[in-house]
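S.K.: fold the following, please.
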Amino acid sequence: MPGVSDADRPLIPKGVKKTMLVLDFLQKRETKIDLIISSPAVRAYETAQIIAAGLDYPISKIKTDRKIYDGYYDRILDIVYGAANNLNSLMIFGHNPTITNLANLFLHPGIDNMPTSCVVCLSFDTEKWEHIPSVEAKQEFVVFPKMLK
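M.R.: Next up is the predicted model:
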């Protein structure tokens, strides 16, 4: 959108449609999330709100963190590794290329690009988020909106 900063760009109708496709997939899997953290950028936060509402996660409990927007995946790793150990699941809403680079730290083989509304779900056999670097990630699923049409 001309005249609107990157951080203030809203989610466009096409993005809402893609997010709804992915939400339907997550609902069918009966996905439960303990914590949602989003970039403060408007389009990421709006996407987080759609997913949260559809998964019965309180929108008021969505956290935002500037580190997700800043473009360094190691800052997002700091968030993940610092998560409270009473959480079983964490969902992060971010931006490319950072979010693809982050996912590719754990995906083998990696993916070229996480398109808008893509979800990568990973699990780790550990009781502590800070121990993630020492365990192997298990890919539960990678879903793109194009896969769901």
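S.K.: how long is stretch 118-138 end to end?
M.R.: Using Cα to Cα, to the nearest Å, one end of stretch 118-138 lies 17 Å from the other.
S.K.: can you map out the strands along the protein?
M.R.: 35-38, 63-64, 90-93, 119-124, 137-143 (DSSP state E).
S.K.: can you give me the distance of His131 to Gly110?
M.R.: 22 Å (Cβ to Cβ, to the nearest Å). Any C-beta I mention is one placed from the backbone N, CA and C, and that applies to glycine too.
S.K.: test my guess that Val142 contacts Val119.
M.R.: Yes. In terms of Cβ atoms under 8 Å, Val142 counts as a neighbour of Val119; the distance is 7.3 Å.
S.K.: of those two, who's got more company?
M.R.: Val119 (21 against 15; other Cβ atoms under 10 Å).
S.K.: the more buried one reaches Leu26, doesn't it?
M.R.: Yes. With contact defined as Cβ under 8 Å, Val119 counts as touching Leu26 (7.1 Å).
S.K.: list the beta-bridge partners for the closest residue to Ala103 other than its chain neighbours.
M.R.: Using Cβ to Cβ, 6 or more residues apart in numbering and skipping the chain neighbours, the partner closest in space to Ala103 is Val120 (4.5 Å). Judged by DSSP bridges, the bridge partners of Val120 are Val142.
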